[in-house]
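> Got a predicted model here, sequence first, then my questions.
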Amino acid sequence: MAYGAANIHGKCKLMINHQGGIYDNGKELPQIYRERILDLNHQGLSQRAIADEMRISIGYVNKVVRHYDEHNTSLPQSRRCPPREIVIPEVAEYVEVEKLCQPSIYTSEIKHRLLLDGVSLPGNLPSDSAIRKCVREDCMMTRKKITQVQ
């Protein structure tokens with residue numbers, strides 16, 4: 001829980017933690033923090049002492065030290081987002097035509113029609129979220145654009 005907040009140039013909302021340190025919620029602390037934690041750890045300070053001195057949580061100190069012990073690097077782990085489910089061109093074209101003909105159609109109905117019309121086999125049927133992304137990104141249709149077509 002943060003004790004206070006400061007708005008810097010309208011871009012980020014800096015918060016003050018229990019120890020009096022400043023952080024930006026949802027963002028990684030700068031690399032220099034990780035390096036300083038490891039330096040103090042190598043000097044023999046306890047994790048509690050490091051947390052108190054740097055005004056950060058002991059959980060963060062523990063995470064950095066554990067990551068260093070396992071991977072021998074101070075760099076944070078890269079965030080991996082799952083790859084997008086690819087919709088084949090025939091399915092994308094079918095989805096676009098269905099949405100243009102009937103803008104209010106649900107993705108589950110499109111999915112059912114893909115099976116009935118033989119456009120896609122049951123094993124290759126895209127998920128509802130893949131169909132929604134296809135409508136939004138591949139066909140570049142938003143709810144507003146679809147209602148204007150009618």
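All right, it came through fine. Residues are numbered from 1 along each chain as shown.
> In contact with the residue nearest to Tyr60 when sequence neighbours are not counted, which residues?
Leaving aside its sequence neighbours, Tyr60 sits nearest to Leu29 (Cβ to Cβ, 6 or more residues apart in numbering; 7.2 Å). Just so you know, the C-beta spots here come from the backbone N, C-alpha and C atoms, and that holds for glycine as well. Taking Cβ atoms under 8 Å, 6 or more residues apart in numbering, we find Leu29 in contact with Tyr23, Ile56, Tyr60.
> Return the member of those residues nearest to Arg136.
Tyr23 (33.5 Å; Cβ to Cβ).
> need the helix or strand of this structure with the lowest average pLDDT.
Among the helices and strands of the chain, strand 4-8 carries the lowest confidence by mean pLDDT, DSSP states H and E, at a mean of 48.
> and the next element down the chain from it?
strand 12-16 (DSSP states H and E).
> That next one pairs with which strands, parallel or anti?
strand 4-8 (antiparallel), strand 22-24 (antiparallel) (DSSP bridges).
> What are the buried residues along it?
Using 16 or more other Cβ atoms under 10 Å as the burial criterion, the residues of strand 12-16 that qualify are Leu14, Met15.
> quick check: domain ranges of the protein?
5-71, 89-138 (the TED database).
> Now do the contacts for the residue positioned nearest the centre of the chain.
By Cα atoms, centre = their mean, the chain has its centre lying nearest to Cys81, at 6.7 Å. The contact partners of Cys81, by Cβ under 8 Å, 6+ apart, come to none.
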